[in-house]
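Trainee: 3D, please:
(2 chains)
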Amino acid sequence: MAVDRPGALELLEAVQEFLQERAIPKLSGHAAFEARVAANLLAIARREIEEGPRLLEEEAADLERLLQRKGTPEALEAELVDLIRDGDPGSRWEDLMAHLRRRAEGRLRIANPRYLDES
Amino acid sequence: MKPENEQLAHALSAALSKELGGEVRIEALARLTGGASRETWSFDAMGPDGVRLPLILRKDFEGGALLNLSALSGEGDGFDRAGEYALCRVLHLAKVPVARPVCLPDPSTGLKSCYIMERLEGEGQPRKILREDAYAGVRSSMAGTLGTVLARMHGLGPKELPMLPTQSVESQLALCRRMLDLGPGPRPILELALRWLRDRMPPLRSGPRLVHGDFRNGNFLIREAGLVAILDWETAHLGDPMEDLGFLCMKPWRFGNNKLEVGGFGPREDLFRAYEAAGGGPVDPEVVRYWEVLGMLKWGAFCAIRAMLHINRVQRSVEAAAIGRRVAETEYDLVRLLEASHGG
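Mentor: Presented below is the predicted three-dimensional model:
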């Protein structure tokens, strides 16, 4: 949802296009490298705005299923870390790994979706 | 020349004149971009006999390192530039491929916490090494070459290298704990990797040996004819030699050549076979895997800390921000490694 047009996503896209099509071809050396990194960060930000809220909801629901109780995402995450650090994570290894794999994949889909295909 | 460079050139000239016994002139002094903890300078020294020596100066930052892992672990930096110089002298004599150390400057010259070494020609950029046609021949034999070099390195221990600090598995896991506590929030996957490592500490099969500590594609200088030098010895220590093999096999150092698990060069079998054939002792792939997981955990925690330094405005750049989001890659790789390496 945008406050006005072009909205946040469209603005990010505009800057990304500017970097890729106008700025980067004129840059060299470390500045060119940094500009390519910057364009990539804008792509991450766009994916996070588009997909982040749903991802976090799914992750929280998944964590409630794993720990079999309701709670704020922060509280549940703290409980998960306690289980891993001081509990017996081996007793529920399969469920735990399945949860962590979905978490890793979800976050990678925002940070670097290409990495999933290349692995 | 800038005034501060003028001053450095003067100090270098004084140090090298003393070392070489005659007036030395410094030319082409330039700072190379580099790490978070050291400065690297390139220059030529015109010796008293008219010979031009291409050299490198490795120097600690004036204000200390921004990101010093030993300091983070609470152990202090047990290994300074004088130690690195002494180490490289031993390595050079032992025919480990390193840049020949040339001079440890006398502090009276104004040069502190640094040493001077020979500047070698070659390619160090991992992506170029892995992609350019000129290096195709080097690439195909590189996994074996690295195994042979590691076996020679691991022949050295505390007797030859008294200047090196010792790092046990326990101390490395303590460092990981410290790093995770410093990061910007809980990371269940990195926590699970640490728990997995805590539950499976491998016994040291022989006494502690020389460990490079950052043995990866990115610290190898090569030419078309082959490996020229192993670079960046600042994390060297005495410990489990399998650490270097495991670290070398980490996925981030394959730069997309994912099937070739040894730095994008070749299969693990080539590395292990060459290592054993050169007298490195039997390789247990499970112990190598252990150190690979530990290396991945350290790398993930390191990325998280770089992100935190950016977020807290200590050291800001788009690169640091990007490295923060690369933790997602490391976590994904760690989940797959732990899945493949048996359950709880």
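
Trainee: how many other residues sit next to residue B:318?
Mentor: Residues near residue B:318, counting by other C-beta atoms under 10 Å in any protein chain shown, number 17. Every C-beta, even on glycine, is put in place using the N, C-alpha and C of the backbone.

Trainee: same deal with residue A:87?
Mentor: For residue A:87, the neighbour count with other C-beta under 10 Å is 14.

Trainee: what residue ranges in the chain score low on pLDDT?
Mentor: Assuming you mean chain A. Scanning chain A with the threshold set as pLDDT under 70 gives A:1.

Trainee: um, chain B though
Mentor: B:33-37, B:62-78, B:342-344.

Trainee: which parts of it sit against chain A?
Mentor: Residues of chain B that fall close to chain A, judged by C-beta under 8 Å from any C-beta of the partner chain: B:33, B:186, B:188-189, B:191-192, B:194-195, B:256, B:258, B:317-319, B:321-322, B:325-326, B:328-329, B:331-336, B:338-339, B:343-344.

Trainee: can you check which helix is longest in the chain?
Mentor: Because you didn't say which chain, this covers chain A. In terms of residue count, the longest helix belonging to chain A (DSSP state H) is helix A:29-67.

Trainee: wrong one, chain B
Mentor: In chain B, assigned by DSSP H, the helix with the most residues is helix B:285-311.

Trainee: which helices and strands sit right next to the following helix or strand past that helix?
Mentor: The element immediately downstream of helix B:285-311 (helix or strand, assigned by DSSP states H and E) is helix B:318-325. If contacts are counted by 3 or more C-beta pairs under 8 Å, 6 or more residues apart in numbering or on different chains; DSSP states H and E, helix B:318-325 sits against helix A:29-67, helix B:285-311.

Trainee: deepest-packed of these, please.
Mentor: Across the helices and strands packed on helix B:318-325, averaging neighbours per residue (mean count of other C-beta atoms under 10 Å in any protein chain shown) puts helix B:285-311 on top, at a mean of 22.

Trainee: now do the longest helix of chain A: distance to the chain's middle.
Mentor: 3 Å (C-alpha atoms, centre = their mean, to the nearest Å).

Trainee: from residue B:196, how far off is whichever residue of chain A sits closest to chain B?
Mentor: At 2.1 Å from chain B, residue A:90 is the closest residue in chain A, using C-beta to the nearest C-beta. Residue A:90 sits 9 Å away from residue B:196, going by C-beta to C-beta, to the nearest Å.

Trainee: stretch B:4-13: which residues count as buried?
Mentor: Of the residues in stretch B:4-13, B:8, B:9, B:11, B:12, B:13 count as buried by neighbour count, 16 or more other C-beta atoms under 10 Å in any protein chain shown.

Trainee: returning to what we had before: between residue A:90 and residue B:196, who's got more neighbours?
Mentor: Using other C-beta under 10 Å, the more surrounded residue of residue A:90 and residue B:196 is residue B:196, with 23 against 12.

Trainee: dump the residue contacts of the more buried one.
Mentor: Residue B:196 sits next to B:293, B:338, B:341 when contact means C-beta atoms under 8 Å, 6 or more residues apart in numbering or on different chains.

Trainee: quick one: the first one from chain A, how far?
Mentor: Same thing as residue B:293. For residue B:293, the distance to chain A equals 14 Å [C-beta to the nearest C-beta, to the nearest Å].

Trainee: residues touching that residue, list them.
Mentor: Residue B:293 makes contact with B:193, B:196, B:197, B:246, B:334, B:337, B:338, B:341 under the criterion C-beta under 8 Å, 6+ apart.

Trainee: show me the residue at the heart of chain B, geometrically.
Mentor: Centroid check for chain B by C-alpha atoms, centre = their mean gives residue B:214 as the closest residue, at 3.3 Å.

Trainee: so who does that residue touch?
Mentor: Listed by C-beta under 8 Å, 6+ apart, the contact set of residue B:214 reads B:232, B:234, B:235, B:247.

Trainee: change it to 10 Å
Mentor: Applying C-beta atoms under 10 Å, 6 or more residues apart in numbering or on different chains, one finds that residue B:214 lies in contact with B:230, B:231, B:232, B:233, B:234, B:235, B:236, B:244, B:247, B:248, B:295.

Trainee: residue B:57 belongs to a strand?
Mentor: Yes - if the criterion is DSSP: H, G, I helix; E, B strand; the rest coil, then residue B:57 is within a strand.

Trainee: quickly find the element holding residue B:159.
Mentor: Using DSSP H and E, no helix or strand contains residue B:159.

Trainee: now do it against residue B:165, distance only.
Mentor: According to C-beta to C-beta, residue B:159 stands 15 Å off from residue B:165.

Trainee: who has more neighbours out of the two?
Mentor: Between residue B:159 and residue B:165, counted using other C-beta under 10 Å, the more crowded position is residue B:165 (16 against 7).

Trainee: how close does the more buried one get to chain A?
Mentor: 28 Å.

Trainee: my guess is that residue contacts residue B:79. True?
Mentor: Yes - proximity of residue B:165 to residue B:79 meets the contact threshold set by C-beta atoms under 10 Å, at 5.4 Å.

Trainee: for the helices and strands packed on helix B:318-325, give me TSV that also has distance to residue B:267.
Mentor: Shown next, in TSV, are the helices and strands packed on helix B:318-325 (distance: least, C-beta to C-beta, whole Å):
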stretch	distance to residue B:267
helix A:29-67	31
helix B:285-311	12
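
Trainee: who's in contact with the residue nearest to residue B:204 when sequence neighbours are not counted?
Mentor: Of all residues not flanking residue B:204 in the chain, residue B:240 sits nearest, at 5.4 Å (C-beta to C-beta, 6 or more residues apart in numbering or on different chains). By C-beta under 10 Å, 6+ apart, the contact set of residue B:240 is B:154, B:167-169, B:172, B:201-206, B:208-209, B:211, B:246, B:287, B:290-291, B:294.

Trainee: do residue A:39 as well
Mentor: Shown in contact with residue A:39 (C-beta under 10 Å, 6+ apart): A:15, A:16, A:17, A:18, A:19, A:20, A:21, A:23, A:24, B:318.

Trainee: what does residue B:206 give?
Mentor: B:154, B:157, B:240, B:241, B:281.

Trainee: give me the element it is part of.
Mentor: Counting by DSSP H and E, residue B:206 is found in no helix or strand.

Trainee: what's the neighbour count on residue B:20?
Mentor: There are 17 residues near residue B:20, going by other C-beta under 10 Å.

Trainee: thought it was touching residue B:47?
Mentor: Yes - the criterion here is C-beta under 10 Å, and residue B:20 meets it with residue B:47 at 5.6 Å.

Trainee: joint contacts of these two?
Mentor: With C-beta under 10 Å, 6+ apart as the test, residue B:20 and residue B:47 both reach residue B:53.

Trainee: out of the helices and strands packed on helix B:318-325, which is closest to residue B:125?
Mentor: helix A:29-67 (11.9 Å; C-beta to C-beta).

Trainee: is the helix or strand just after that closest one in proximity to chain B?
Mentor: Remark: after helix A:29-67, the chain's next helix or strand is helix A:73-86, criterion DSSP H and E. Yes - residues of helix A:73-86 contacting chain B under C-beta under 10 Å from any C-beta of the partner chain: A:74, A:77, A:78, A:80, A:81, A:82, A:83, A:84, A:85, A:86.
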